[in-house]
Every structure is written in C-alpha cells, then in structure tokens.
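Trainee: after the sequence you'll find the predicted model.
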Protein chains: 2
Amino acid sequence: MLGSMMERPLLISALLEHAERQFGDTEVVSRETNGGLHRYTFRDLASRARRLARGLAGLGVVHGTRVATLAWNNHRHIEAYFAVSGSGAVLHTCNPRLHPDQLAYILNHAEDEVLLFDSTFRPLVEAVAARCPTIRHYVLLSDDPVQADPGELLQPSLYEELLAVCDDRFAWPEFDERTASSLCYTSGTTGNPKGVLYTHRSTVLHSMALSLPDTLSLSAHDCVLPVVPMFHVNAWGIPYAAAMNGCKLVLPGPRLDGASLFELMESEGVTCSAGVPTIWLSLMQHMERQGAKPSTMKRTVVGGAAMPESLIRAFTERFGVEVRHAWGMTETSPLGTQGSLLAKHAQLPSAQQCAQRAKQGRAVFGVEMQIVDGDGKVLPRDGKSMGELMVRGLWIAAGYYKAEANALRDGWFPTGDIATIDADGYMQITDRAKDVIKSGGEWISSIDLENAAAGHPAVLMSAVIGVRHPKWDERPLMCIVKRPGHALEKQEILTYLAGKVAKWWLPDEVIFLDQLPLGGTGKVQKTDLRRQYSDVLVARQPESHAAPTKSA
Amino acid sequence: MLGSMMERPLLISALLEHAERQFGDTEVVSRETNGGLHRYTFRDLASRARRLARGLAGLGVVHGTRVATLAWNNHRHIEAYFAVSGSGAVLHTCNPRLHPDQLAYILNHAEDEVLLFDSTFRPLVEAVAARCPTIRHYVLLSDDPVQADPGELLQPSLYEELLAVCDDRFAWPEFDERTASSLCYTSGTTGNPKGVLYTHRSTVLHSMALSLPDTLSLSAHDCVLPVVPMFHVNAWGIPYAAAMNGCKLVLPGPRLDGASLFELMESEGVTCSAGVPTIWLSLMQHMERQGAKPSTMKRTVVGGAAMPESLIRAFTERFGVEVRHAWGMTETSPLGTQGSLLAKHAQLPSAQQCAQRAKQGRAVFGVEMQIVDGDGKVLPRDGKSMGELMVRGLWIAAGYYKAEANALRDGWFPTGDIATIDADGYMQITDRAKDVIKSGGEWISSIDLENAAAGHPAVLMSAVIGVRHPKWDERPLMCIVKRPGHALEKQEILTYLAGKVAKWWLPDEVIFLDQLPLGGTGKVQKTDLRRQYSDVLVARQPESHAAPTKSA
C-alpha cells in the first residue's frame, strides 16, 4: 500500500531556489583567478545561474548534454554547478592537474559539448582542443575581452557576454530525480580514468547528510570555506550544502597555501572548512611561523588521506579547531564516514580523544559498511579484523559511465581499501589494497608506519611503499621530507619507530627527499615513488638485509 | 540520462539498523505507565523490534496491514513504531483523548486488524471494542499477566508474551520507499477525522530535515525528550531522528506536568526537547515556583500553537534555553518551518531577537511555502500581505487515506492558516482561517490579541474568539485565565491592550474563566468556547456596545 504524500523529486535546482528565498542576503565570496575578491549574495548567484542556464540553452545545451569545466573554486564555477545540473544537463568537472593525454581522454569519453575554463588553464585547453572533436563551444570564465582573444587554436566565447544577452526569467525544469547531475572521473593510477555519474537524488541526500550536526554541521550562522577543489568530487558537496543551509560561502580560488588560506579565513570569518591533510599541514606551519591562531574557525572535516594524530592534536589543543576525520572516494560522493566523537568519549583525556579522532569514523546515515576477507566472507566488527571495505548506500556508485558491467559485488561497492571496523562502527583504514606491503604472506600497513613517523619532530611528511625483495616479496621503504632546520638520520628514525610498531614492520631502507610527489588533489603519489624506488633493495647485495622475523 | 548511482530505497528500518550498528550503547529511557523508569539501549530496542515484527507476523500482520496503537511515549510504543513500519505494515497511532465515537470511527475507517494499548486505556478500548469488527487482536502493552485478565468484552494478549515466543532473527524486508509507513488522523474540529498516510520516504527525509543544525540540531551528544505525544504526528518525527543521529532518547510516559518533566530533564541530562506552548508554560511555572533552572537543556522546538513572546523571553533570558518556533500540521509530517535566527540577527538586542523568534520561522529545505488571496493569486513576500498559507514539498500530504479527491489546489496543500511571509522567508501565522474574526468586512487576528494579552502580568492564558454581532457580523470576545494570586478586571486589560493593538480590535467583552478547554494535544479548543459564548453579545441590549470604528 502506497502512502498519500506528494511525490516531488529531489532536485539540485531546489537547493538554489531555497537559498534565494530564505538566504537571499547571504554572501558568496570568492578569490578570483586574477587575485581579487569577488563578493555577492545567493540572490545574485541564483539570478546569474538562471541567466547562464538560458545562455547555455542558446548554445544548444539540452537535457543530458555534458558540459565540462576546468576552473578554480570561484563564483563562476558555482554558477555553472547550479545552471548546468539545474537545466538537466551534466556538469563534468575536470581536474586541471591531469596530464593533457588523460584530460583529452576524459573529455572525449564524456563527449563534452561545451567547455568552460578559467584563464589559468588556457594553455592546457589549447593543448587538447585539437583532439576533442565533440566540444562545440569553448567559454572563457572571464569578463575581460582581451583574454578571450582568438588564438591560433581557440576562439572562446566570453562567459560574461554569454550572460549579458539573457535576463534571468527562467524556470528550472522538473524531471526524474535519478537524472544524471554531474560527472567526475576518478584519478585512477592504473588504466584509464573512470567516470562516476552522480544523480540529483544522490546529490541532495548527500547534502543533507553532510550538513548534519555530527558531520560538517552547517547552519545559517556558519561561514564555510571548501579548500577541496570544485573539480574534485563536487568539492565534497559543500557548494550544494551551503545553499541548503544558508551558510556564507568562501571560495579560495587558486591560492591554497597556508598564508593565503589563513588570511582569507580571518578576513571573512570562516567557521568551518574541509580539505586534505596536506592543506592543514601547510596552514599549521604558517600559523606556527606567525605565532597566529584562528579567531573564528571552529571545525574542519579532513579526508582524502589519513590525517596524522600529531596534526589532529595540534589543531585541537593548540588552535582550538575540532578535526573531524572523514573517509570517502569519488565513488561515494564522497561522504562515507565522519569521525566526530560519541557522548561516551566526552570524558576522555584529550590525547585519547585525538586517537579516536584519527580513525576514519563511523558510517553516516545513508551509507552501510562491512569488511570482507578474500572469499567475500563478512568479518567481525571487532576493531582488529582487517578486510576489504565494502560500502553501499544512497549516494554510492553502482557502476561507471559507459561501463558495461556494474562495479558491485553482491550489491556492495568494493572500495579497494583495507580496513577494520569496531563495535561502535568506527572504521579505520589500514591501507589501500594496492599500498599494503605484502611481506612474506603477512600484511604491513604503510599508513601505520607513516603515522608513527609523523610523531617525530624532524619529520615533515613521509610515505612508505612496498619495494621488491628477493626473499620476502615486498619490504617497506620509507621516504621522508625533513622539517626545515631539522637533522635526521636513518638510524635515529628506525630507533624511534622501533618502540611504536612491530619489529618486523621496520622499514628496510629510509630515503630523505626534498619533497614528495603530490597529485592533483594534494595526495602523495605512491605510484611515482614505486616507479623510482621499487628496485632499491634487489639492486643491492642480499647480505645487507637482516631477514625480518615476525616473532619480534 | 540517468546517473549511475545505487538505487536504494529510503526505509524506516534503515534508521534502526543504523542506530544498532553505530549507537548500540546509547540509551533509550522511558517513564512507564506504572510510574517506573525503564532503561535500555538502541541495541536492545533493535532486537526487541525484530522480535515484535516476528510476533506480529504470527498474528497475521502482512505488508499493508494496519496496526493501531493507544499508548503513551514509552519503550514498547517505540518498538511498535519500528516493528510495524519496518515490516511494511502501517502504524496507526490513535489519540486516546478522542471521544469514543471518534475513536471507533477512525479504527473502522483505518480497518485496523491489531490494536496495541497501554493499560491506562483499557476502559477506552472496552468502550469501543464491540464497534470495531476489523480488529482481530488486542495486545496489552505490559508484562503483567494480571492486567491482561480477560474482561467481559476483551481478551487481550500480553505484549511480553508475544515477544517471548520469538527470537530476534529477522531481516527487515526491502520495498518501495513510497510504501505507507504510518497513519495519523487529524483531530479536525468539523466533520469526520481524516487520515494522513505517511511514507517511508517522507519519514526518512523529514528525519534528516528535523536533525539539521538550524532545526532541532540532533547529534550523538544530545539527549532528546519529545514531550509531544507519540500519538500526535509521530511525536514530530523525533523517535526516527533520534535513531538516525544516535541521540539518547527520553520518553516521558503519561507524566507531562511541569514538575515531572523538570525532574526527568535534570535526572537524565536532557539537552533538547519539543512540545506545544502550554507544556512550556507549565514547566516555567514549576521552575518559577521552585526557583530552579535547567542545568543541561539547551534548546527546544515549539509548535502546535503560537508561543507568546513573553514566554520565549523567559526561556531565553532567564532559563538559558533557546526557543525555536516551528510550524506544522498533521498533513506536513509536521515540520514546515523553523524559526532559528539568521546570522544577521546575531547582533540584535535580546528583545528584538525574541520578537524574531516569536514568528513561526522559515521553510525548512524540502518544503516550499506561498500565500495566496481568495482568488489564488500569489501575494508578495513583504511581511505585511496576509493570505492563505499554501505548502508543498517532500513530506506534505497530497490527500487523505481513502479519500477520492486529492486535497491540493494547483499542486499546493491549502493549510487553512492565514499568514504573512517576509523577504527573509519568515512566516508568521496571523490566524487560523476559521478563527480570524471577520468584523465589518475587515479581519482581526485572534492570535495577535492573545499575544498582546499574554504580556500582562496577571494573565496566565487567554483565548480570543469571534462572537456574533448584530451590526459587525463578528466581534472579538476574550477569555482569560488569571495567574494564581493575581487580580484583574475587564477595564484594566482593555486599557492595557489599547496601547498594543488598533482600537477597533479591542474585545467587546472579556470573560474570566478558571481554565480553558484543552484538546488532546494541549491546544485550546476554540470550538468549545464558541459553542458556549457565541451569543453573548446578541443576547444583550444593543445600546451596551459602542460601535467600533476603524479610524482609531
């Protein structure tokens, strides 16, 4: 028996309409590509999004058309977010840090017909344009006619001219909530990138979960700054959630260094943020150098990689910023877990609270998780059993764009992460399935080793990879970037680690580097390290290695 | 083009499964009908709900079967909430304050097959049982075999015996999210009650909106006490939202007086609550008498009737409890609006903040509102134009159970409330369409008069009704209950009101009563007052009334 409630679809356009009606005066501030600050309101954003929708319709964009963007976090990009999806077209946000070959691949795979791009990325666009026959219109996100001068390869339209010819009389269409709203390709390290095609339903439900008090906790009193790029899993959904809840929204543009972020947070009164750990590391370094503390920041959500406990402690205890670890991936929209504490943790000493916060957190409502062994058997939620993390839920991908097979096993999405889950539901990533070091049939967690090293005062960053070993198949190699002005030798760090991890986990070799290779979203690219160092142990004399034993 | 996300339904059973997995240790405490406190966890609740689902299946409850309850807010009632809906059956919560004729009507209209009831309501059940042929099983919500003794009319089963024969191995079924989950009849004052049939989808979406920071703000650190009865619009959705967010849940049973509530709030550490204004009035009176202040309560959502600004100020300024006015009705699940402040109100003096809080608030995401005139023309959002409030959204009724026509006008539900909406979206109820006083073609708001009177120190409660007048059709009559120990005469209150409302709004008569007639949910029953007093003016000599003029 069906109920008697209205059947209305969950649509992204409703988020913007809600913001315009209830939070019309609330500001959206963005650092533009030219360095200036742009400032307007949700009312202005809504009006311009309607004009853009009309402008795009004039370019032949219809229901289902793929419209690509190559843009920073700025006001024109968020206009495109709402205008493209709101029209029923598909917003394809491209990562500008992709290699031109990969970029050309995804533009062709998506069959994008329009590409909106920031002036920064004009060289990249010119490098791929000749290889992208489906793109009929290039639109430069600018108001500067000089920037839109035709080059040899490209005659872009000017975004502001596209808007200038339209007024804002436009009613967002209604359609099936399962309609594709946006498309984001995973920056897969093997094979071609794969596209995740989000729906209006998944996006709106994800926004609600993201806004809940135990997740990012977004209210009309908040000012939120998404440091995570809008070309990376929809900036973790923050642009949508800000509209839903009437948060003041601050978009940082291209300046993501610690000094620029701190200045923007202070001048705009940012209360909450979200980004990857490397961002918070650089912010902390800036604050330490300046002896500064944030005056309005209350909390941040951290994801994309494990945040070292030492960094969590610094933010919590020294800067008064609550760190909520989250876990997710492109295929999970990305919110899978959040790591806010339970009531029973309230009385714990700060150090224990921070240890709890260093876990990846509990599944948010809407997402279910389990861990399975190699045979697909579900493992106990005991905080010890390690298995592959499987997820399912309201905003989890069932498959990839234009892929024939769905990506699921028994209805669950296999994440490729190795994890434990405890009795309270706290999940902890032990490693990526591809990063876990398989030493003599046993597993060594690269992440645990990195976290242990992070506590040493001379270690700025570290990355552990499995490298080939003639006897044990793989053994750990640790790459370290030292904190400026600090000295550190191999034996000192091994001695330091010896008290923190099992003896047979100790790296066989330690290498000191000036920097680690970072990908487009700030994550360490272990594939690059593996490419360079995978043979360092086998290239040596075998007698230089003591055989590891598990008995230690 | 459809997206590639998993298609999973929004189901009530997922709320309980989530609570069991993530918040298994979190407590559910309830005041039982016998006066004792019952205490267990979400893990226990989930296990017993599965056993109940099996027990009900044994009684022949299948997908779509209507199962009625007559119960207080207690642990067995919440077990029924999850077990009945989770099974795909329909939970029909009956208001025990209904007249037996009305109760028999709704039990027959719903075609309930099972009735679960608290011992308190046995006399009521016995009064209607003979008239309810569809009910095949009566189940007493008790573990006391003596209470289940067969009477002349009734041989109820004992709830605990129903559970005792089952273990908890039960997997919640999956089905269409539009499936009916619960049924609540409006306590309409005219005509027969009408049933609103909620869906799993509407209930889960409503739970998310209720939990957002600007609504009730529910986190795993909260302890929530729904004073609103579980037989009244699903206790405003709090049982579901508590499971979603892992709040400690405190159910107050039959004791809703100020002293009992205060004691329960203090002993259990309640942080937030929800109920009608009369509940908060009685709580305030208790605290004033005792010189007490709540030590853990942070906020409460108030709805069901307008909360006088004076009461909002008392809670905010004297007791440190934030009052968030909400508006809703049975047909809106009930959450339509919430009245938390915007960032721009943060710097206002407390008195102005309280005035803002006395409005009914802004539409929550998921609900749209507009006001229309008698011809259906949409009126401006200027805070002045009065029109009938129309709503639509994700958890708004399209019609009534077994009613042929849907209840909508152009896709909008007509609320029967007269309201204004301002540029920030704040809605203010001016009156019920049926309560507004039509004096010489102009409208007088009974609620505005009541709110003005509420500021007088001698006024405990007041109710204004329109009564028949030979010349002006209707004129206002004010009924007042004086605060104990205070004296008040008609002329004094009229003088007091004269400075606060237009002169032509002043009541033609003031009557002092020992109490006002209250309905099952604590609302003043103006129909009773109208029945008794509608002729007080026409029965008099015409010369005793000065003709009102609008020029004042």
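Mentor: Sure, I can see it.

Trainee: and stretch A:177-191, how far apart are its ends?
Mentor: 31 Å (C-alpha to C-alpha, to the nearest Å).

Trainee: try stretch A:62-82
Mentor: 15 Å.

Trainee: stretch A:185-196 too?
Mentor: Stretch A:185-196 end-to-end distance (C-alpha to C-alpha) = 6 Å.

Trainee: for A:G411, grab the count of nearby residues.
Mentor: The number of residues packed around A:G411, counting by other C-beta atoms under 10 Å in any protein chain shown, is 11. To be clear about C-beta, it is placed using only N, CA and C from the backbone, and glycine gets the same treatment.

Trainee: repeat for A:R289
Mentor: 10.

Trainee: quick check: which element contains it?
Mentor: helix A:277-290 (DSSP states H and E).

Trainee: over to A:A127?
Mentor: helix A:122-128.

Trainee: with A:A305 instead?
Mentor: Per DSSP H and E, there is no helix or strand for A:A305.

Trainee: that one touches A:Q525, doesn't it?
Mentor: No: in this structure A:A305 lies outside contact range of A:Q525 using C-beta atoms under 8 Å: 11.4 Å.

Trainee: picking up where we left off before, past the helix holding A:A127, which element shows up next along the chain?
Mentor: Per DSSP H and E, the helix or strand that comes after helix A:122-128 is strand A:137-140.

Trainee: in its sheet, what does that following strand sit against?
Mentor: Sheet pairing for strand A:137-140, assigned by DSSP bridges, gives strand A:114-117 (parallel), strand A:157-158 (parallel).

Trainee: picking that back up, put the alpha carbons of the helix holding A:A127 into PDB.
Mentor: The C-alpha trace of helix A:122-128 is given here as PDB (Å, rounded to 0.1, in the frame of the first residue of the first chain):
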ATOM      1  CA  ARG A 122      44.100  28.200 -21.400                       C
ATOM      2  CA  PRO A 123      47.400  26.600 -22.300                       C
ATOM      3  CA  LEU A 124      46.000  23.300 -21.200                       C
ATOM      4  CA  VAL A 125      42.900  23.700 -23.200                       C
ATOM      5  CA  GLU A 126      44.900  24.700 -26.200                       C
ATOM      6  CA  ALA A 127      47.000  21.600 -25.800                       C
ATOM      7  CA  VAL A 128      44.000  19.300 -26.000                       C
END
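
Trainee: just the closest residue of the stretch 51-200 of chain A to chain B, please.
Mentor: Sorted by distance to chain B under C-beta to the nearest C-beta, the residues of the stretch 51-200 of chain A start with A:T199, at 3.4 Å.

Trainee: what's the neighbour count on that residue?
Mentor: What A:T199 shows, counting by other C-beta under 10 Å, is a neighbour count of 27.

Trainee: same check, this time on the one 3 residues further on
Mentor: A:S202 is surrounded by 31 other residues when neighbours are defined as other C-beta under 10 Å.

Trainee: so what's the backbone phi/psi at it?
Mentor: Dihedral angles of A:S202 (phi, psi; degrees, to the nearest 10) stand at phi -60, psi -40.

Trainee: what separates A:T69 from A:Y81, distance-wise?
Mentor: 8 Å (C-beta to C-beta, to the nearest Å).

Trainee: mutual contacts of those two, please.
Mentor: When contacts are counted by C-beta atoms under 8 Å, 6 or more residues apart in numbering or on different chains, the set common to A:T69 and A:Y81 consists of A:L91, A:M230.

Trainee: what's in contact with the helix or strand of chain A with the lowest mean pLDDT?
Mentor: Lowest on mean pLDDT, DSSP states H and E among the helices and strands of chain A sits strand A:442-444, with a mean of 77. If you take C-beta under 8 Å, 6+ apart as the criterion, strand A:442-444 is touched by A:M386, A:I418, A:T430, A:D431, A:V436, A:I437, A:K438, A:G466, A:P476, A:W504, A:W505, A:K550.

Trainee: let me have those residues in TSV, extended by pLDDT.
Mentor: Listed next are the contacts of strand A:442-444 as TSV, based on pLDDT from 0 to 100:
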residue	pLDDT
A:M386	86
A:I418	92
A:T430	86
A:D431	83
A:V436	83
A:I437	89
A:K438	81
A:G466	94
A:P476	96
A:W504	88
A:W505	92
A:K550	46
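
Trainee: and the longest helix belonging to chain A, what does it pack against?
Mentor: Counting residues, the longest helix found in chain A (DSSP state H) is helix A:42-58. Helices and strands touching helix A:42-58, by 3 or more C-beta pairs under 8 Å, 6 or more residues apart in numbering or on different chains; DSSP states H and E, are helix A:12-22, strand A:27-31, helix A:75-86, helix A:159-164.

Trainee: out of these, deepest packed?
Mentor: Comparing the helices and strands packed on helix A:42-58 by mean neighbour count (mean count of other C-beta atoms under 10 Å in any protein chain shown), helix A:75-86 ranks first with a mean of 27.

Trainee: right, and the helix or strand after that helix?
Mentor: Heading C-terminal from helix A:75-86 (DSSP H and E), you reach strand A:90-93.

Trainee: report the mean per-residue pLDDT for the strand or helix carrying A:L264.
Mentor: According to DSSP H and E, A:L264 maps onto helix A:258-268. For helix A:258-268, the mean pLDDT works out to 97.

Trainee: in contact with A:I12, which residues?
Mentor: Neighbours of A:I12 in contact, by C-beta under 8 Å, 6+ apart: A:F82, A:S85, A:G86, A:S181, A:H200, A:T203, A:V204, A:Y240.

Trainee: would you check that A:L497 makes contact with A:D448?
Mentor: No: under the criterion of C-beta under 8 Å, A:L497 makes no contact with A:D448, lying 10.1 Å away.

Trainee: mind listing the shared neighbours of these two?
Mentor: A:W505.

Trainee: now the stretch 351-500 of chain A against chain B: closest residue?
Mentor: A:G425 (4.0 Å).

Trainee: could I get the contacting residues of that residue?
Mentor: A:R362, A:A363, A:M369, A:R381, B:R21, B:Q22.

Trainee: what's the answer for A:L494, then?
Mentor: By C-beta under 8 Å, 6+ apart, the contact set of A:L494 is A:L506, A:P507, A:V510.

Trainee: quick check: phi and psi at A:T337.
Mentor: phi -130, psi 170.

Trainee: that one and chain B, how far apart?
Mentor: 10 Å (C-beta to the nearest C-beta, to the nearest Å).

Trainee: shaky segments in chain A?
Mentor: A:187-190, A:441, A:520-521, A:540-552 (pLDDT under 70).

Trainee: wait, A:L408 sits on A:G399?
Mentor: Yes: using C-beta under 8 Å, A:L408 is in contact with A:G399, at 7.4 Å.

Trainee: near chain B, which residues of the stretch 151-300 of chain A are found?
Mentor: Residues of the stretch 151-300 of chain A lying near chain B by C-beta under 8 Å from any C-beta of the partner chain: A:176, A:178-181, A:196-202, A:205, A:208-209, A:211-214, A:217-222, A:244-246, A:248.

Trainee: of those, which belong to strands?
Mentor: When DSSP state E is applied, these are split such that A:A180, A:S181, A:V196, A:L197, A:Y198, A:T199, A:K248 fall in strands.

Trainee: measure stretch A:344-354 end to end?
Mentor: For stretch A:344-354, the end-to-end distance is 14 Å (C-alpha to C-alpha).

Trainee: ok, stretch A:482-496 next?
Mentor: End-to-end distance for stretch A:482-496: 15 Å, by C-alpha to C-alpha.

Trainee: what of stretch A:229-239?
Mentor: 11 Å.

Trainee: and for it, what's in contact with it?
Mentor: Taking C-beta under 8 Å, 6+ apart as the rule, stretch A:229-239 contacts A:69-73, A:77-78, A:81, A:93-96, A:182, A:184, A:198, A:203, A:206-207, A:210, A:216, A:224, A:226, A:228, A:240, A:249, A:251, A:274, A:301, A:303, A:328-330, A:333-335, A:520-521.

Trainee: hmm, 7 Å instead?
Mentor: Defining contact as C-beta atoms under 7 Å, 6 or more residues apart in numbering or on different chains, one finds that stretch A:229-239 is touched by A:69, A:71, A:73, A:77-78, A:81, A:93-96, A:182, A:184, A:206-207, A:210, A:224, A:226, A:228, A:249, A:274, A:330, A:333-335, A:521.
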